[in-house]
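*Asks:* whatever this is, show me its structure:
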Amino acid sequence: MEKRSLSRQPARYEDVASRIEELIESGAYKCGEKIPSLRELSESLGVSVNTVREAYSRLESRRFIEASPQSGYYVIPRPASPSRPCPGPDPAGMDPREVSLCRVYGAFHDRGNALDAGGLAIATLSGEMWPAERYQKCVVDAVRLHGRECVEYMLAPGYAPLREQLAIIGLSGGSRLSPDGIVVTSGCQESIYLALSALTSPGDVVAVESPIYFNFLNMLEHLRLKVLEIPCSAGEGMHLETLRFALDRYAVAAVITIANFHNPTGSRMSDAKKEELVGMLSRRGIPLIEDDVYGELAYGPERPRTCRSFDTDGTVLYCSSVSKTISPGVRIGWIEPGRWHDRVENAKNLISLGSSSIPQIATALFLQEGAYVKHIRRLRSRLAEKMAALRASVLARFPDGTDVTDPEGGMVLWVGLPGGIDSMELYRLALARGIIIAPGALFSLQDRFSSNIRLNAGIWSPSTEEKIGVLGELVAGLLAKSAWVNE
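*Replies:* Reported below is the predicted structural model:
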């Protein structure tokens, strides 16, 4: 008779102990935290109480936990072990072209210093600029006054009172938005994704401004779309003559624009060019996806008009969010997709069965009570001051020959490094000093902006001045090194 060798399976208590040990090592269970009781874990894992008791005994002997009489089991401090790797990815070893800048930022966030180290790289505001206390009150009121709605599905198109308020906001940019035409999304990026999903198929060509927000490039790649880059200048925005030339030669399925305070150049397209762009695409039957997430952040008293305000036949799919005005964590965006409404609404429900209920209700309350208008007025003024301070600091701390944009709104500054310095090399040197910047290579699929960096003004503070000084010293060092090599 043939004998079969049986591999020895670990005892159940060893498996349970191993699971808890992994959670402690990963930081899910933290030092001093109470872990589940014998009965709780027994019921959760479907094992006997004796099995859990033996597992906890093993963990006690290995000095992972200790029992407290009449209380339970608690995680105890562990001696540092050089053989144990640091949990989570190491940002110092990350190339943003391969993993995306957001993941680098996330790695710093896991270490508790994301805003301090990475605030220059990610387009966001510092915490004191968000209307946190007022919005917190709205969240409490949402649960108190709309308790049942808060715990139910809120399928697309989304909470009706919120859509009404979003249509009212659209008036300031000249857009005639219909509450019934708006679909609430989880941020503006999802709006763009839904628009592309409704308009395109794999292999289609999409025209974008160049440079362009790097997550758009990742999104287009994910959807297997071909990218046609149209030059964009800091002063004028997208070059319409180049776009017209491209449209005459390629079958373009859609065009994406950030016409107001473009990311990363900060440009604002003139009203005349917006009207020309919409008309050009309308005559060709090509839809325009407008990302207006920065539109409210004008430094002057007037908010610029949107491309949508010039739309007469449904050419423009309008997208925006409160991520740059109320809070990025709220994750409330919206899209007014016109004749593609049904496709977008169905796709939204397919992806996520609508957006979260509490943020929709709370945001509607915030907008209804009139707090938004006052908040935006203050935000514009403070952001203008922060941008002026950042711009002045770069001009003072960076070597001669540095080119700096002068945006009229938004929060990003586009910097051209002198002497053709490689921004990826600057990125690596800065990262070693605990500072994250956004290198220009991220903003194009082609090697067009290797000597540019994008900086965020939204987090400006006295400590930011020190970081700009460090960056300036690094740029000067790279410039001197380049001059020495070329001698």
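
*Asks:* may I see the buried residues of stretch 229-244?
*Replies:* 229, 230, 232, 234, 237, 238, 239, 243 (16 or more other CB atoms under 10 Å). Where C-beta positions appear, they are placed from N, C-alpha and C, glycine not excepted.

*Asks:* which one's the longest helix in this protein?
*Replies:* helix 371-397 (DSSP state H).

*Asks:* that helix: how far from the chain's middle?
*Replies:* Helix 371-397 sits 20 Å away from the centroid of its parent chain (CA atoms, centre = their mean, to the nearest Å).

*Asks:* give me the buried positions along that helix.
*Replies:* For helix 371-397, by 16+ other CB under 10 Å, it's 371-372, 375-376, 379-380, 382-384, 386-387, 389-391, 393-394, 397.

*Asks:* if we can go back for a sec, farthest pair in the buried residues of stretch 229-244?
*Replies:* 234 and 243 (17.2 Å; CB to CB).

*Asks:* poorly predicted segments of this protein, please.
*Replies:* Scanning the chain for pLDDT under 70 picks out the ranges 1-10, 79-95, 97-118, 483-487.

*Asks:* need the helices for the stretch 101-250 of the chain, in chain order.
*Replies:* Along the stretch 101-250 of the chain, the segments classed as helices by DSSP state H, counting those that start in this stretch run 101-110, 114-118, 132-145, 147-150, 160-170, 188-199, 214-222, 240-247.

*Asks:* any idea which of those is most buried?
*Replies:* helix 188-199 (a mean of 23; mean count of other CB atoms under 10 Å).

*Asks:* now the angle between helix 214-222 and it, please.
*Replies:* 30 degrees (axes from the mean of the first three to the mean of the last three CA atoms, to 10 degrees).

*Asks:* contacts for helix 188-199?
*Replies:* 183, 185, 206, 215-216, 219-220, 223, 225, 253-254, 256, 287, 289, 291, 293, 317, 319-321, 323, 333-335, 337, 340, 343-344, 347-348, 351 (CB atoms under 8 Å, 6 or more residues apart in numbering).

*Asks:* what of stretch 313-323?
*Replies:* By CB under 8 Å, 6+ apart, the list of residues contacting stretch 313-323 reads 170, 175, 177, 185, 187-188, 191-192, 195, 198-199, 278, 281-282, 286-293, 295, 306-308, 310, 330-340, 363.

*Asks:* what about it, start to end distance?
*Replies:* 29 Å (CA to CA, to the nearest Å).

*Asks:* in it, which residues are buried?
*Replies:* For stretch 313-323, using 16+ other CB under 10 Å, the buried residues are 315, 316, 317, 318, 319, 320, 321, 322, 323.

*Asks:* nearest to residue 68, of these?
*Replies:* residue 323 (43.9 Å).

*Asks:* distance to residue 38 added to the helices of the stretch 101-250 of the chain, as JSON lines?
*Replies:* Shown next, in JSON lines, are the helices of the stretch 101-250 of the chain (distance: least, CB to CB, whole Å):
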{"stretch": "helix 101-110", "distance to residue 38": "32"}
{"stretch": "helix 114-118", "distance to residue 38": "38"}
{"stretch": "helix 132-145", "distance to residue 38": "35"}
{"stretch": "helix 147-150", "distance to residue 38": "35"}
{"stretch": "helix 160-170", "distance to residue 38": "47"}
{"stretch": "helix 188-199", "distance to residue 38": "44"}
{"stretch": "helix 214-222", "distance to residue 38": "46"}
{"stretch": "helix 240-247", "distance to residue 38": "68"}
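
*Asks:* residue 301 is nearest to which of these?
*Replies:* helix 160-170 (16.8 Å).

*Asks:* in space, what's closest to residue 176 - neighbours in sequence excluded?
*Replies:* residue 170 (7.3 Å; CB to CB, 6 or more residues apart in numbering).

*Asks:* residue 58 now?
*Replies:* Using CB to CB, 6+ apart, the closest residue to residue 58 is residue 17 (4.5 Å).

*Asks:* sorry, back to before: check which element follows the longest helix of the chain along the chain.
*Replies:* strand 403-404 (DSSP states H and E).

*Asks:* could you give the angle of the longest strand belonging to the chain to helix 240-247?
*Replies:* Of all segments of type strand in the chain, defined using DSSP state E, the longest is strand 226-233. Here the directions of strand 226-233 and helix 240-247 differ by 160 degrees (the same axes, to 10 degrees).

*Asks:* relative to residue 462, which of the helices of the stretch 101-250 of the chain is closest?
*Replies:* The nearest among the helices of the stretch 101-250 of the chain, by CB to CB, is helix 114-118 at 12.6 Å.

*Asks:* the longest strand of the chain pairs with which strands?
*Replies:* strand 205-210 (parallel), strand 237-238 (antiparallel) (DSSP bridges).
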